[in-house]
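Chemist: Structure, please.
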Amino acid sequence: MALNLYVASHIAKAPLGQIARAAFPLLASLVVVLLLLTYWPALSLWFPNLLGVR
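Modeler: Just a heads-up that it's a prediction; the model follows:
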């Protein structure tokens, strides 16, 4: 993640802090999804069960 932010700031010629602030909502949403799937396993199994995959 850090290398991607560094490269993006170099390509965009923008400060690293500005790029990091723009990427923070995406990172926060990824953490929320990770926590949901970790602490509520039935959520990750819902779609395969809907398709009948066992």
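Chemist: Where do the strands of the chain begin and end?
Modeler: Taking DSSP state E as the criterion, the chain carries no strands.
Chemist: Show the model's pLDDT score for the residue nearest the centre of it.
Modeler: In the chain, the centroid-proximal residue (Cα atoms, centre = their mean) is L30; its distance is 2.9 Å. pLDDT, L30: 96.
Chemist: Also the one 10 residues further on?
Modeler: Model confidence at W40, given as pLDDT, is 91.
Chemist: so what's it up against?
Modeler: Taking Cβ atoms under 8 Å, 6 or more residues apart in numbering, we find W40 in contact with no residue. (Each C-beta comes from the backbone N, C-alpha and C, glycine too.)
Chemist: Next, find the distance separating it from V31.
Modeler: 15 Å (Cβ to Cβ, to the nearest Å).
Chemist: Also G52?
Modeler: In terms of Cβ to Cβ, G52 sits 31 Å off from V31.
Chemist: Which one of the two is surrounded by more residues?
Modeler: V31 (10 against 6; other Cβ atoms under 10 Å).
Chemist: ok, so what distance separates the more buried one from Y6?
Modeler: 21 Å.
Chemist: how distant is the longest helix along the chain from the center of its chain?
Modeler: Using DSSP state H to define each element, the chain has its longest helix at helix 16-39. Helix 16-39 has its C-alpha centroid displaced from the chain centroid by 5 Å (Cα atoms, centre = their mean, to the nearest Å).
Chemist: what are the C-alpha coordinates of it, in CSV please?
Modeler: Extracted C-alpha coordinates of helix 16-39, given in CSV (Å, rounded to 0.1, in the frame of the first residue of the first chain):
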residue,chain,number,x,y,z
LEU,A,16,2.0,12.1,-0.4
GLY,A,17,-0.3,13.4,2.3
GLN,A,18,-2.9,14.5,-0.2
ILE,A,19,-2.8,11.1,-1.9
ALA,A,20,-3.1,9.3,1.4
ARG,A,21,-6.1,11.4,2.5
ALA,A,22,-7.8,10.5,-0.9
ALA,A,23,-7.1,6.8,-0.4
PHE,A,24,-8.2,6.7,3.3
PRO,A,25,-12.0,6.1,2.6
LEU,A,26,-11.1,3.0,0.4
LEU,A,27,-8.8,1.7,3.1
ALA,A,28,-11.4,2.2,5.8
SER,A,29,-14.1,0.4,3.8
LEU,A,30,-11.7,-2.5,3.2
VAL,A,31,-11.1,-2.8,7.0
VAL,A,32,-14.9,-2.7,7.6
VAL,A,33,-15.5,-5.5,5.2
LEU,A,34,-12.7,-7.5,6.7
LEU,A,35,-14.1,-7.1,10.1
LEU,A,36,-17.6,-8.1,9.0
LEU,A,37,-16.4,-11.2,7.3
THR,A,38,-14.2,-12.2,10.2
TYR,A,39,-16.7,-11.8,12.9
